[in-house]
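Undergrad: return atomic coordinates for the entry below.
(2 chains)
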Amino acid sequence: MSITPFLVLSGLLFSIGAMGVLVRRNAIVVFMCVELMLNASNLAFVTFARQHGNLDGQIAAFFVMVVAAAEVVVGLAIIMTIFRTRRSASVDDASLLKY
Amino acid sequence: MANSVSWLYLIIAIPAASAAVLLLSGKAADAWGHLLGTGASLASFVVAMLAFVKLLGGEASSESAMSLHQELFSWIEVGGFDVTFGLLFDRLSGLFVLLITGVGSLIHIYSIGYMAHDERRRRFFAQLNLFVAAMLMLVLADDYLTLFLGWEGVGLASYLLIGFFQQRTSAAVAAKKAFVVNRVGDMGMALSVMLMFATFGTSTFEGVDSGMEQVSSGTATALGLLLLLAACGKSAQVPLQSWLLDAMEGPTPVSALIHAATMVTAGVYLVTRSSFVYEQTELASTAVVIVGLVTLLWGAIIGCAKDDIKKGLAGSTMSQIGYMMLAAGIGPAAYSFAIFHLLTHGFFKANLFLGAGSVMHAMNDEVDMRRYGALRAVMPITFVTFACGYLAIIGFPGFSGFWSKDKIIEAAFAENVVVGLGALLGAGITAFYMTRMMIMTFISERRWAKEAHPHESSPVMTVPLMVLAVASVFGGVLLFNDWIGNWLEPVVGEGEHHELPLGLTELALTIMVAVVVLIGAGIAVRMYQRDSIATAPSADVSPLTTAARRDLYGDAFNEVALMRPGQSLTRGLVMFDNRGIDGAVNGVAAMVGGSSGRIRRWQSGFVRAYALSMLGGSALVVLALVAVRLA
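TA: Sure thing, here's the model as predicted:
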């Protein structure tokens, strides 16, 4: 079975996620787009694992999931806190940390 | 080979210790400071006398009795570089030590009276002692490096004493000038010592002497010229003469001790001591002769136009040291005459300076001879002693200066007729300006300022004058049976006798000198005795007089040729530093600061902007990897 469709799907998902991170202002949506990119890379990992016939890619995918879970915990907490103080979840509003 | 003794250091140590005590003890020593200073100088004289007697006693016996030597300690010892601090009391330095401590003691005694009303008298004596110690260091050194130590020491003492009246701007400026001009000469001294170390690996007189015959003529000439430069600075010879006239700002005993009898003759000592260098180089010896000849005329001409009695004497000092340099340059035939003239000059010039000091003391520190006149009646002792010095310096037959100057003129004629004629002319000019000084000060009519009440000085001042006057009269006995020539022969070499040119005999030459001296004195009598002397100098004078009043434009030349270009160079360098170097450094800093100010704007605070640059960066990295893989 060809791996090309899987890789195309992975690329599409990654591009959608990247575009979402860049153009969307809502922190929750940006966050979901980041998850989308992570999962796109997971798809690529398992696809290549399948192609090579070993488990290295699978293991990497598990690691990415762990990191993503941890990231969700921290990231959502930050978004919650920002929302509580500013009544807004726009990433452009939270731009005080600059030159 | 030298006779080793253990007490030679006392000659230097006594005045040095006294100077330290006087400088450190503060006001407590005000009451007795001058006595300690004088006592130290006298004690040093006594020790020197003992050493000299020991030397006299050993004259008949072996070579080893020719000099006394003491090794004090190893001064500098680094690898193969070893300088031993030693003292050498030989026949040449012995005469110098006696002159320095003898005349120095008389001047110390005189200063007790002269500085009696100065509240800083203790400090004056401390500095005088410091000078004596440094000068003794200079002449007792057995090594050029040790000599250099004394050389700098006398420079420092001279600086301090010229500027003793530091509240006067002119004195402070004169002190600085003397110091700076001397630095030029010291450069020559330092370079010659370095050259000695490079060539011989040692700088002892003995080592240089024995190594001298093997060196190339270029090295010998360089060494000779560098030593001459050093001598020019210390002895106020053209072209480094300009400081001596200004140095008269110091108290008069200082002028007598440092700027007449001792320190300014250090250059002559250096050239004589380095006779083994000048033996190897015709060029440098000729340079010494030329410097001497030019200076003796230069100083004499300046002396003719000065109304300031001390400056007149200073010009005369330059001129007389020119004679000594001339003799020293001629070589073995005249070294002993250079030293002989140095000794007699030490006596009569100290006598004249102290006499001038006595007159100034009586006239409320007036130095302008146009405000003197007819002082012989009120100051008989000063007059008579000054007259002895006067007759000695012009070379009146029988007086000390007659014997010494006559010998130098004779040697000059034997060397070269032109040089001889120059020296002869110098003798005539000397007679002219000294007669002028004598007439303006002691004879002619009164031209005193209203508030002047001249009186004879106290015995503490007149007794040294009398002693020096006697020495000025009878100093010529050293020449008896050519004693001085035989005495110095082991140090400077045997003087071969030269035939005089043009069929002259010694007697004819002596008569010629006497006639020239008489003519010079006669012109002065004609000019100054007949007419009354104005109290202000006339402006309507010949260009030569104007030039002589302005020190023959020595200062003007230095200013135009050295000072202004130096200042321009400094200004240029400062500008280059400010604009060029500072500009580059500040420019780089400003560029970095400015660009970083612009670059930090990139930290906008917008997360999405960062994300975009991250994406761009990652894309670039991937592209680069792909490119490398494919290439």
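Undergrad: would you mind measuring from residue B:279 to chain A?
TA: Counting by C-beta to the nearest C-beta, to the nearest Å, the gap from residue B:279 to chain A is 82 Å. C-beta coordinates here come from the backbone N, C-alpha and C atoms, glycine included.
Undergrad: my guess is that residue meets residue B:331, correct?
TA: Yes: taking contacts as C-beta atoms under 8 Å, residue B:279 lies within contact range of residue B:331: 7.2 Å.
Undergrad: those two: who's more crowded?
TA: Neighbour totals were compared for residue B:279 and residue B:331, and residue B:331 leads with 22 against 18 (other C-beta atoms under 10 Å in any protein chain shown).
Undergrad: measure the residue nearest to that one when sequence neighbours are not counted to residue B:333 for me?
TA: Once flanking residues are discounted, residue B:331 sits nearest to residue B:285: 6.0 Å by C-beta to C-beta, 6 or more residues apart in numbering or on different chains. According to C-beta to C-beta, to the nearest Å, residue B:285 stands 11 Å off from residue B:333.
Undergrad: so the two - more neighbours on which side?
TA: Neighbour count, other C-beta under 10 Å: between residue B:285 and residue B:333, residue B:285 has more, with 23 against 19.
Undergrad: centre of the chain to the helix or strand in which the more buried one is found, how far?
TA: Counting by DSSP states H and E, the element that carries residue B:285 is helix B:282-305. Centroid separation between helix B:282-305 and its chain, computed with C-alpha atoms, centre = their mean, to the nearest Å, is 15 Å.
Undergrad: now stretch B:471-491
TA: Put simply, stretch B:471-491 sits 24 Å off its chain's centre (C-alpha atoms, centre = their mean).
Undergrad: that one: end-to-end distance?
TA: 25 Å (C-alpha to C-alpha, to the nearest Å).
Undergrad: residues of it that come out buried?
TA: Of all the residues in stretch B:471-491, those buried under the rule 16 or more other C-beta atoms under 10 Å in any protein chain shown are B:471-476, B:478-479, B:484-485, B:487-489, B:491.
Undergrad: thinking again about what came up before, contact partners for the residue nearest to residue B:331?
TA: Applying C-beta atoms under 8 Å, 6 or more residues apart in numbering or on different chains to residue B:285 gives the contacts B:224, B:278, B:329, B:330, B:331.
Undergrad: just flag the most distant two among these.
TA: Taking C-beta to C-beta, the two most distant members of these are B:224 and B:330; they sit 14.0 Å apart.
Undergrad: for the residue lying closest to residue B:537 once chain neighbours are set aside, give its distance to residue B:357.
TA: Excluding its sequence neighbours, the residue lying closest to residue B:537 (C-beta to C-beta, 6+ apart) is residue B:307, at 5.8 Å. Distance of residue B:307 to residue B:357, given as C-beta to C-beta: 17 Å.
Undergrad: looking at these two now, which is surrounded by more residues?
TA: residue B:357 (28 against 20).
Undergrad: what comes up buried for the longest helix along chain A?
TA: With secondary structure taken from DSSP state H, chain A has its longest helix at helix A:56-86. Residues A:57, A:60, A:61, A:68, A:75, A:79, A:82 are the ones in helix A:56-86 that count as buried (16+ other C-beta under 10 Å).
Undergrad: you'd agree residue B:83 is in a strand?
TA: Yes: Residue B:83: assigned to a strand according to DSSP: H, G, I helix; E, B strand; the rest coil.
Undergrad: contacting residues around it?
TA: Contact analysis of residue B:83 by C-beta under 8 Å, 6+ apart lists B:74, B:75, B:76, B:77, B:143, B:145, B:146, B:203.
Undergrad: what's the answer for residue B:326, then?
TA: Shown in contact with residue B:326 (C-beta under 8 Å, 6+ apart): B:288, B:289, B:292, B:293, B:296, B:408, B:412, B:419, B:423.
Undergrad: per-residue confidence for it?
TA: With respect to pLDDT, residue B:326 has a value of 93.
Undergrad: likewise residue B:604?
TA: Confidence at residue B:604, expressed as pLDDT, is 86.
Undergrad: that one against residue A:97, yeah?
TA: No: Residue B:604 is beyond contact range of residue A:97, at 10.2 Å (criterion: C-beta under 8 Å).
Undergrad: comparing those two, which shows the higher neighbour count?
TA: Comparing residue B:604 with residue A:97 by other C-beta under 10 Å, the one with more neighbours is residue B:604, at 13 against 8.
Undergrad: and that one, helix, strand or coil?
TA: Using three-state DSSP, the structure places residue B:604 in coil.
Undergrad: I'd like to know how far the closest residue to it other than its chain neighbours sits from residue B:606.
TA: Among residues not flanking residue B:604 along the chain, residue A:98 sits closest, at 5.6 Å (C-beta to C-beta, 6+ apart). Separation of residue A:98 from residue B:606 (C-beta to C-beta) stands at 8 Å.
Undergrad: do the same with residue B:158
TA: 78 Å.
Undergrad: between these two, which is the more surrounded one?
TA: A direct count of neighbours by other C-beta under 10 Å for residue B:158 and residue B:606 places residue B:158 higher, at 28 against 14.
Undergrad: element containing the more buried one, please.
TA: Assigned by DSSP H and E, residue B:158 belongs to helix B:144-162.
Undergrad: check which helices and strands that helix sits against.
TA: Contact analysis of helix B:144-162 by 3 or more C-beta pairs under 8 Å, 6 or more residues apart in numbering or on different chains; DSSP states H and E lists strand B:68-78, strand B:81-89, helix B:121-140, helix B:169-200, helix B:217-235, helix B:266-273 as its packing neighbours.
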